[in-house]
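K.L.:
Just to be clear, the model below is a prediction. Sequence and coordinates:
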Amino acid sequence: MVDPTSSEINKNVQEIKYTNEEIGKGQATIEQSKVAATAEKLGSFFKMPEKNINQGRKTQAFYVSDDEFYDLLRDYAGQMGLLTKEFDQSDEIAQEVAMAFGTTIKDLNNRRQEQLMNLEKRVQNFGGLYLHGNIYIKKTSDIPLDTILRHEILHALVSRDNDKNGFQNVEGRNHFLNEGVIQTLELAERYNLSPFEMLNQIHEGKINTPYKRQIEVVLLALGATEHSDNPMTYQEVAKHLLEGDATLFKLNLLSRGATDFRGKITELFIKEFGI
């Protein structure tokens, strides 16, 4: 459910549009005023604290080539524990540890190379990345530029110390929950629809979005709360993101769903995002 004051906010904050034509101008960065205005618009809609809105305003956004984006994505994957560490074949201690786990340094390094090859194949599926306080946007992405930028600015707005971001911690735990919820909020501010209204438009193909499966599960759970005495608003979801406690969010969201829906939706939610 969208807060009734959202229409007033939309009237007072300038709508910022981005087009992929900007990329062809050869500029290295997106104009800071656009980033700041978008951060203001999103932060105000979700009633975020001023310090978080300021954090979003100051974030810089850079266009990068495919190769540069791959390097950044590789660093991110390593940081999130999604890449096997590379080991020196001559490291005797590492060899002993590997043997204790029933493997070898050679096998571990081969696994890393396979992971890197898979990452390189998947790089085309990504459009942007928020890393170490900056936004990086791949020049050749097929995803609309405004969708990428708004999504990554939301990451900037809910980022905390030591690269903790929303529900996702530095080890990458709750990554897909975090991405699904952030993109749900991007759509919520853009379309100003209730969860079930937005879910229907996604199913009808009227709304195209990254993280579609994750968003559908989040919207189902949010929609179920609208049929209870205690619906959860998008602003409350944003507050949970800022606090960063994924377990508390899951418990709060799922416990507030209407009784008729609660069991099935809880099952779907846990299947998608874990306990």
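P.N.:
Arrived safely.
K.L.:
Just the buried positions in stretch 150-161, please.
P.N.:
Residues 150-159 are the ones in stretch 150-161 that count as buried (16 or more other CB atoms under 10 Å). Using the backbone N, CA and C atoms, a C-beta is placed for each residue, glycine as well.
K.L.:
Same check on stretch 46-55?
P.N.:
Across stretch 46-55, burial judged by 16+ other CB under 10 Å covers 46-48, 52-53, 55.
K.L.:
Among those, which ones are in helices?
P.N.:
Assignment to helices by DSSP state H places the following of the buried residues of stretch 46-55 there: 52-53, 55.
K.L.:
picking that back up, pull the most distant pair out of the buried residues of stretch 46-55.
P.N.:
Based on CB to CB, the longest span within the buried residues of stretch 46-55 runs between K47 and Q55 and measures 15.3 Å.
K.L.:
And the strands in the stretch 1-150 of the chain?
P.N.:
60-64, 128-131, 134-138 (DSSP state E, counting those that start in this stretch).
K.L.:
Mind putting the buried residues of stretch 46-55 into TSV with distance to E86 and pLDDT?
P.N.:
Below are these laid out as TSV (distance: CB to CB, whole Å; pLDDT from 0 to 100):
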residue	distance to E86	pLDDT
F46	40	98
K47	44	97
M48	39	97
N52	36	96
I53	40	97
Q55	33	95
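K.L.:
Just send those residues back as TSV, with distance to A37 too.
P.N.:
Listed next are these as TSV, based on distance: CB to CB, whole Å:
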residue	distance to A37
F46	15
K47	18
M48	15
N52	16
I53	11
Q55	15
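K.L.:
Q235 is in contact with K47, isn't it?
P.N.:
Yes - using CB atoms under 8 Å, Q235 is in contact with K47, at 5.1 Å.
K.L.:
Who are the contact partners of the spatially most central residue of the chain?
P.N.:
Among the residues of the chain, the one closest to the centroid is E179, at 2.8 Å (CA atoms, centre = their mean). E179 makes contacts with 210-211, 214, as judged by CB atoms under 8 Å, 6 or more residues apart in numbering.
K.L.:
any idea how far it lies from T259?
P.N.:
As defined by CB to CB, to the nearest Å, E179 lies at a distance of 29 Å from T259.
K.L.:
what do you get for F249?
P.N.:
Distance, F249 to T259, by CB to CB: 20 Å.
K.L.:
Contacts only, for V64.
P.N.:
V64 touches 72, 136-139, counting by CB under 8 Å, 6+ apart.
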